[in-house]
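S.K.: need the 3D shape of this:
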Amino acid sequence: MKFGFEIKNIKKFFIAIGVSSIFLRCNFFYVHAMNFKDVNQNFWAYEYINNVAEKGLITADAAGYFKPNDNINKFETAKIFAKTAGYKYNDLTSEEKSFYDNAYEKNKYLLESQAKKYVKWQKVADKEIAFLLEKNIFTPGDLEKFIVKDNKKNEKLRALSKEEAAVYLTRILEEDVSKYNDCKGIFADESFIASDYLSSVYCLSKNKIITGDENNKFNPKQAVTKTILSVMLSKTLDFKDRSEINEINYISGKIDKIYYGIGAVQIINSDGEKNIYKIKDNAEILIDNNRKRLNDLTDGMEITGSLENSVLVYLKAENYSSKPDVDFDLNCINGIVDDIRNNEIAIKIQMINPVGGILNQTQKYILTENCKISRENKKVDLKDIKIGEIVKIEFLDSKAYGICVVDKNKKIEGILKEKKNENNKAVLVIEDKNDNLDYELKVNNNTVIKRKNNGTVSWSDLKIGDKVSASCEYDNLTDIYAEGEKSSKEGWIEEIRILRDRNCIIKFKNEDDNKIYEYNISQGKIDISRFGVGDKVRIRLDSSEIENLNVMDKTSTNYFGEVLRIFDNDILRIRTESGSEIEINCNRDTEFRNINGRVINIGNIRRGNKVYISMDDRNSNVADFVRIVGEN
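M.R.: A predicted model of the protein is given here:
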């Protein structure tokens, strides 16, 4: 019997070139918070500010002012996080100097391209940014979020947001945030956290680095001030120190024997090795996601757990058998899921021919009340099974008693049809050219996303209509390669459909062939208040997404604004995005739609609603169309 089987050490270090260089060898001018002219010891965040100031990470200006309420822009972020991750300005070793030089040369072209794109690009931070890129703390896509341009192309330095800070801090810690994917319901405003950032936010919350406000909101889009970053950074450093003192490891396997008297379990891993672990008195024990005690554990349970100094402090066990609970024989058949009905009542499958190929025949199975649905011997819901997956069905008389997903890996060649967020998870919908089925695939932190001529990109950088080649494990996207096609067209806008997420779909009548096409506009890409139905426009496309739109002949007037008041059930007073207040007349011909696109009447409009209004023509003050695009 051996100790220490299949242990994945998640002990974290800030840098590969030596933790000591974080503090012991940084020749910064350290300023204690007590010397700041605008921070005193009674300030609620004094200890955190003092902590990071003593380490030279966030300091005062030359006049001694810390300016605790100032927002942190991305260039300041780069310098702070580079120092946190071990970047030095003096006393460099030859290895460190070589690393810095190589990082800068490797990313020089990328940095120079950003400087050409943005007048306000601060080249003084290029070496720190290159260092963070090489450490995988920054990604090339992050650089696009340093500066924002308004409609008049005026540039503004973007402040660091709280959700972005969470991502960078977990990258500095080299924390495996995928372990926290299922930690839902922590904050009241989780729906506002970007799906790519959720796991990092969960990670910091679970490790007590961040907390919610008095309403249990994280406020992910909130700009990070010097005070907020001092608190987050100080708590992160404290977590790192605790992790080094208490070595944390991760284990998995099956319970082989339980020693109730001494509070220990013997675990057998996938290689057959057996190890005994003591369970901490206050350890968290979960069985099928329910809090339990040591006495509730039984032999044969599959477990995962966390160790601190070789003692189990967390144990999660599964007590599930996928075998149907019946006392009679069942038939068994494999097939491809073709349809899943509502209320978990029925599924339809295509039959696999035993001699090869697929028979074009369908068979419906009605799920019994206790039908067991599983994936890799773990309980799942019917909604977790996707069209196109292969399943094994145990049945009798067209009634399904057991459904087991057996298809794991799949290669899909087709067209990207949709990009969306579902339950705070990024999802790509791909139409497979081989079976004409739509596959909804979840994007996670490990998904590799590349696009021709763009290299590695974010999922949101893919374009509707892209030709894609994707690999997935069940419904999780592992990698995708996309190829777009650029084109330009002239024609007329036939219809504008604004979606709930303020993306929109344009029906476009092409001047060349007189045919109508549908194209997408991503939120914030184009100011759609500048054009309306009937306008003649010139569009520049990337696949099926409109990248640029110029109005050639305008026939309509449109407004975006907030409803201030409703008069006599036929007049809307709104404040437009430019800040002006106007009154819009409505009549029996005015069409009203809610945020989901359903037809409503003016009585359903409320103060504070954000609306898109299309007028009859530029000389009239009567609305042709009113659509709610945001609710208070």
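S.K.: make it CA atoms for all contacts and neighbour counts henceforth
M.R.: Will do.
S.K.: where do the strands sit along the stretch 251-400 of the chain?
M.R.: Using DSSP state E, counting those that start in this stretch, the strands found in the stretch 251-400 of the chain span residues 264-268, 274-287, 290-292, 302-308, 311-318, 331-340, 346-352, 358-375, 378-379, 390-396, 399-405.
S.K.: closest to Asn249 out of those?
M.R.: Among those, strand 302-308 comes nearest to Asn249, with 5.0 Å by C-alpha to C-alpha.
S.K.: counting contacts, what elements does the closest one pack onto?
M.R.: On a contact count with 3 or more C-alpha pairs under 8 Å, 6 or more residues apart in numbering; DSSP states H and E, strand 302-308 meets strand 248-259, strand 311-318.
S.K.: let's have the ones you listed in CSV, adding mean pLDDT and mean neighbour count.
M.R.: Formatted as CSV, these follow (pLDDT from 0 to 100; neighbours: other C-alpha atoms under 10 Å):
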stretch, mean pLDDT, mean neighbour count
strand 248-259, 82, 20
strand 311-318, 84, 20
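S.K.: with distance to Gly86 added, can I get those strands in JSON lines?
M.R.: Converted to JSON lines, those look like this (distance: least, C-alpha to C-alpha, whole Å):
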{"stretch": "strand 248-259", "distance to Gly86": "23"}
{"stretch": "strand 311-318", "distance to Gly86": "31"}
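S.K.: between those, which one is nearest to Lys467?
M.R.: Of those, nearest to Lys467 by C-alpha to C-alpha is strand 248-259, at 39.6 Å.
S.K.: partner strands of the closest one, parallel or antiparallel?
M.R.: strand 8-9 (antiparallel), strand 264-268 (antiparallel), strand 302-308 (antiparallel) (DSSP bridges).
S.K.: contacting residues around the residue lying closest to Gln222 once chain neighbours are set aside?
M.R.: Once flanking residues are discounted, Gln222 sits nearest to Ser161: 5.4 Å by C-alpha to C-alpha, 6 or more residues apart in numbering. When contacts are counted by C-alpha atoms under 8 Å, 6 or more residues apart in numbering, Ser161 touches 220-224.
S.K.: whichever of those end up buried, select them in ChimeraX.
M.R.: A single ChimeraX command is used to select the members of these judged buried by 16 or more other C-alpha atoms under 10 Å:
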select :220,223,224
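S.K.: quick check, nearest of the contacts of Ser161 to Glu95?
M.R.: Looking across these and measuring by C-alpha to C-alpha, the closest to Glu95 is Val224, at 34.1 Å.
S.K.: so what pLDDT did the closest one get?
M.R.: Here the pLDDT value assigned to Val224 is 95.
S.K.: who are the contact partners of it?
M.R.: 71-72, 159-162, 165.
S.K.: from Glu128, how far off is it?
M.R.: 20 Å (C-alpha to C-alpha, to the nearest Å).
S.K.: just to revisit the earlier point, Tyr48: which of the strands of the stretch 251-400 of the chain is closest?
M.R.: Short answer: strand 302-308, nearest of these by C-alpha to C-alpha, at 26.5 Å.
S.K.: next, the buried residues of the closest one.
M.R.: In strand 302-308, counting by 16+ other C-alpha under 10 Å, buried: 302-303, 305-308.
S.K.: ditto for stretch 577-584
M.R.: Quick answer for stretch 577-584 (16+ other C-alpha under 10 Å): 583-584.
S.K.: surely Ser205 and Phe218 touch.
M.R.: No. Judged on C-alpha atoms under 8 Å, Ser205 makes no contact with Phe218 at a distance of 9.7 Å.
S.K.: need the overlap of contacts for the two.
M.R.: With C-alpha under 8 Å, 6+ apart, Ser205 and Phe218 have common neighbours Thr211.
S.K.: which of those two has more neighbours?
M.R.: Phe218 (23 against 19; other C-alpha atoms under 10 Å).
S.K.: tell me the SS of that one?
M.R.: Assigned state for Phe218: coil (three-state reduction, DSSP: H, G, I helix; E, B strand; the rest coil).
S.K.: number of residues surrounding the closest residue in space to it that isn't next to it in sequence?
M.R.: The spatially closest residue to Phe218, leaving aside those adjacent along the chain, is Gly212, at 4.9 Å (C-alpha to C-alpha, 6+ apart). For Gly212, the neighbour count with other C-alpha under 10 Å is 14.
S.K.: part of a helix, is Gly212?
M.R.: No. Counting by three-state DSSP, Gly212 is not found in a helix; it is coil.
S.K.: and Tyr104, what element?
M.R.: If you go by DSSP states H and E, Tyr104 is part of helix 94-117.
S.K.: what comes up buried for that helix?
M.R.: Per 16+ other C-alpha under 10 Å, helix 94-117 contains these buried residues: 100, 103-104, 107, 111, 114.
S.K.: swap in stretch 433-446?
M.R.: Buried residues in stretch 433-446 (16+ other C-alpha under 10 Å): 438-445.
S.K.: distance from it to the middle of the chain?
M.R.: 17 Å (C-alpha atoms, centre = their mean, to the nearest Å).
S.K.: now do it, average pLDDT.
M.R.: In the prediction, stretch 433-446 has an average pLDDT of 77.
S.K.: start to end distance for that stretch?
M.R.: Across stretch 433-446, first to last residue, C-alpha to C-alpha, it's 25 Å.
S.K.: for the remainder of this discussion, apply numbering that starts at 527.
M.R.: Understood, numbering begins at 527; the last thing we discussed is stretch 959-972.
S.K.: any idea which of the helices and strands packed on strand 828-834 gets closest to Cys709?
M.R.: strand 837-844 (13.6 Å).
S.K.: quick one, strands of the stretch 1027-1158 of the chain?
M.R.: 1030-1036, 1042-1047, 1062-1068, 1071-1079, 1084-1093, 1097-1102, 1107-1111, 1117-1119, 1125-1126, 1136-1141, 1149-1156.
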